[in-house]
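S.K.: return atomic coordinates for the entry below.
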Amino acid sequence: MDNSLNNYMEKVISRNPSQPEFHQAVEEVLESIWPFLKHNPHYIHANILDRLVEPERVLMFRVPWKDDKGNIQVNRGFRVEFNSAIGPYKGGLRFHPSVNLGILKFLGFEQVFKNSLTTLPLGGGKGGADFDPKGKSDSEVMSFCQSFMTELQRHIGPYTDVPAGDIGVGGRELGFLFGQYKRIRNEFTGVLTGKGINWGGSLIRPEATGYGAVYFAEEMFKLKGDSIKDKTVAISGSGNVAQYALEKINQLGGKVVTLSDSSGTIYDKDGIDNEKLEYVIDLKNNKRGRIKEYADQYNAEYFESSRPWNIKCDVAIPCATQNELELQDAKNLVANGCVCVVEGANMPTSPDAVEVLLESKVLFAPGKAANAGGVAVSGLEMSQNSIFASWSRQEVDNKLKNIMKNIHQQCVTHGTEDDYINYIRGANIAGFIKVADSMLDQGVV
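M.R.: Reported below is the predicted structural model:
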């Protein structure tokens, strides 16, 4: 690593101790834009980096709520409002026991660049709580969500900060959150995205992240005169992103052979067709069951406490969580002939694994580019809310497809190196330029 970059990272780490995910996210961006900055020193003179890595605002608050036994429980809530240079803060809420300030700063920092790439006027933010909705009753989840929003509502608004869902925050949670916001503020506005279709949501929003990742993969293949058709695909996760990535791959003629959850991985060599996908959607969204039940139902192989990266595939799409694809996994994928890795989750590939994939000239799409479809359709939902309109599935899907094409083109423009496209560099430079130039235009803010 360049010495000056090393020194800068030491400064970031000392100012943000015990936040390894945030350090990783900052280093990944800076490493790829460092040569660009040296050729454009006006960004350095204006101290843009120090301004970029420091959130504009960090909110942390107590969330007391009552469980079904009448006991008072207390969780910790957060909102990191990272950067508003190009629009209101925009980013999901995550309810999971692993949530802490470092993880949310990493996600918020990534969101700044991802939102910039969408070409929509969206700043970057992220929030959530260390609350676990798993195993809780609807009334307990409602009690928590109402308490969480009672505090959060004073900091957000359709022109200030527009949260959405993320891990642990689906339709049920968003409904309870929106209901409480409306009750306290006495206004019906597009303050949250991912809403129900009956009350201001957008068609294609649930599918958007998964669909967008596959549209991005298809663009990568198209540039090589190829297609996802007839490709064998390994997907990790079995939630929203994994489900709709699978659906879109089926539509485009590919074959998905794996899904996973925190307990293990299923391998179905015949492919997970649409009928089997319906079973998965019911299992995970309604019954909240484990993926092992799929193996029992369809006589598929099940690997306990294992991820899908040992299984032979042409394309890998990690859709579960950060750093789930590690060094040995990357080596296994390369050895098994994988030609394309597309990040459906946020930063699911560890830095040393990324290095192996880039050295092996595997097509590698970073999450800030490949999974931007979710926030892109959230932006479209905000547009529909602001003009009190509702667009058809086809209209939203076409807009999503065009946005993913534009993101791909920005990556190609800024990431082409001889005969290889470094999509990480392309995404980071393109995202950086728009945000940094907007900050320069607006003075010292």
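S.K.: average pLDDT across stretch 319-334?
M.R.: When pLDDT is averaged over stretch 319-334, the result is 96.
S.K.: would you mind measuring from Gly289 to Tyr89?
M.R.: 35 Å (C-beta to C-beta, to the nearest Å). Placement of C-beta: from N, CA and C, glycine included.
S.K.: which of these two has more neighbours?
M.R.: Remark: of Gly289 and Tyr89, Tyr89 carries more neighbours, 29 against 15, as counted by other C-beta atoms under 10 Å.
S.K.: list the contacts of that one.
M.R.: Glu81, Phe82, Asn83, Gly123, Gly124, Gly125, Thr160, Asp161, Val162 (C-beta atoms under 8 Å, 6 or more residues apart in numbering).
S.K.: could you measure it against Gly108, distance?
M.R.: Counting by C-beta to C-beta - Tyr89 and Gly108 are separated by 8 Å.
S.K.: which residues does Leu59 bridge with?
M.R.: Arg79 (DSSP bridges).
S.K.: how close does it get to Tyr181?
M.R.: On the measure of C-beta to C-beta, Leu59 and Tyr181 end up 15 Å apart.
S.K.: more neighbours: which of these two?
M.R.: Tyr181 (23 against 18).
S.K.: so what does the helix or strand hosting Thr150 touch, helix or strand wise?
M.R.: Using DSSP states H and E, Thr150 maps to helix 138-152. Helices and strands touching helix 138-152, by 3 or more C-beta pairs under 8 Å, 6 or more residues apart in numbering; DSSP states H and E, are strand 57-66, strand 72-83, strand 124-129, helix 171-185.
S.K.: report the helix or strand with the lowest average pLDDT across the chain.
M.R.: strand 416-417 (a mean of 92; mean pLDDT, DSSP states H and E).
S.K.: just checking: what are the partner strands of that one?
M.R.: Strand pairing (DSSP bridges) places strand 416-417 next to strand 420-421 (antiparallel).
S.K.: quick revisit: and the contacts of Tyr89, which are buried?
M.R.: Glu81, Phe82, Asn83, Gly123, Gly124, Gly125, Asp161, Val162 (16 or more other C-beta atoms under 10 Å).
S.K.: off-centre distance for stretch 222-242?
M.R.: Distance, stretch centre to chain centre, for stretch 222-242: 17 Å (C-alpha atoms, centre = their mean, to the nearest Å).
S.K.: quick check: buried residues in that stretch?
M.R.: 226, 228, 231-242.
S.K.: swap in stretch 91-104?
M.R.: Neighbour count says stretch 91-104 has Gly91, Gly92, Leu93, Arg94, Phe95, His96, Val99, Leu101, Gly102, Ile103, Leu104 buried, by 16+ other C-beta under 10 Å.
S.K.: ok, now stretch 207-227?
M.R.: Residues of stretch 207-227 classed as buried by neighbour count (16+ other C-beta under 10 Å): 207-221, 226.
S.K.: can you check stretch 39-48 too?
M.R.: Asn40, Tyr43, Ile48.
S.K.: name the residues contacting each of Tyr89 and Gly108.
M.R.: Contacts common to Tyr89 and Gly108, judged by C-beta under 8 Å, 6+ apart, are Glu81, Phe82, Gly124, Gly125.
S.K.: list the residues that contact the first one.
M.R.: Contact criterion C-beta under 8 Å, 6+ apart gives Pro55, Glu56, Arg57, Val58, Leu59, Tyr89, Gly108, Gly123, Gly125, His155, Asp161 as the residues in contact with Glu81.
S.K.: pLDDT weak spots in the stretch 1-150 of the chain?
M.R.: Scanning the stretch 1-150 of the chain for pLDDT under 70 picks out 1.
S.K.: if we can go back for a sec, so of the helices and strands packed on helix 138-152, which one's packed in deepest?
M.R.: strand 124-129 (a mean of 30; mean count of other C-beta atoms under 10 Å).
S.K.: which element is the closest residue to Ile48 other than its chain neighbours on?
M.R.: Spatially, and ignoring its direct neighbours in sequence, Ile48 is nearest to Ala436 (4.9 Å; C-beta to C-beta, 6 or more residues apart in numbering). Assigned by DSSP H and E, Ala436 falls within helix 423-441.
S.K.: now for that helix, which elements pack on it?
M.R.: helix 20-39, helix 42-45, helix 48-53, helix 101-117, strand 363-365, helix 367-370, helix 393-415.
S.K.: mind redoing it with 6 Å?
M.R.: For helix 423-441, the elements it packs on are helix 20-39, helix 101-117, helix 393-415, judged by 3 or more C-beta pairs under 6 Å, 6 or more residues apart in numbering; DSSP states H and E.
S.K.: what mean pLDDT does that helix get?
M.R.: Helix 423-441 comes out at a mean pLDDT of 98.
S.K.: try stretch 193-205
M.R.: 96.
S.K.: repeat for stretch 369-378
M.R.: Here the average pLDDT along stretch 369-378 is 96.
S.K.: for it, measure first residue to last.
M.R.: 15 Å (C-alpha to C-alpha, to the nearest Å).
S.K.: strands of the stretch 151-300 of the chain, start to end?
M.R.: 161-164, 232-236, 255-261, 264-267 (DSSP state E, counting those that start in this stretch).
S.K.: which residues touch the third one?
M.R.: Around strand 255-261, the neighbours that count as contacts under C-beta atoms under 6 Å, 6 or more residues apart in numbering are 232-236, 238, 242, 246, 249, 265-268, 271-272, 291, 308, 311.
S.K.: now with 7 Å, please.
M.R.: 232-238, 242, 246, 249, 265-269, 271-272, 280, 290-291, 307-308, 311, 313, 320 (C-beta atoms under 7 Å, 6 or more residues apart in numbering).
S.K.: repeat that for the last one.
M.R.: Outside of strand 264-267, the residues that reach it under the criterion C-beta under 7 Å, 6+ apart are 257-259, 291-292, 294-295, 300-308, 311.
S.K.: apply 8 Å and report the result again.
M.R.: Contacts of strand 264-267 (C-beta under 8 Å, 6+ apart): 236, 257-260, 291-292, 294-295, 300-308, 311.
S.K.: are any of the residues you listed buried, and which?
M.R.: Among these, those scoring as buried are 236, 257-260, 291-292, 294-295, 300, 302-303, 307-308, 311 (criterion: 16+ other C-beta under 10 Å).
S.K.: pull the contacting residues for His23.
M.R.: Going by C-beta under 8 Å, 6+ apart, the list of residues near His23 reads Met9, Val12, Ile13, Asn16.
S.K.: one more time with 10 Å
M.R.: Counting by C-beta atoms under 10 Å, 6 or more residues apart in numbering, His23 touches Met9, Val12, Ile13, Asn16, Pro17, Gly102, Lys105, Phe106.
S.K.: roughly how far apart are it and Val169?
M.R.: Counting by C-beta to C-beta - His23 and Val169 are separated by 25 Å.
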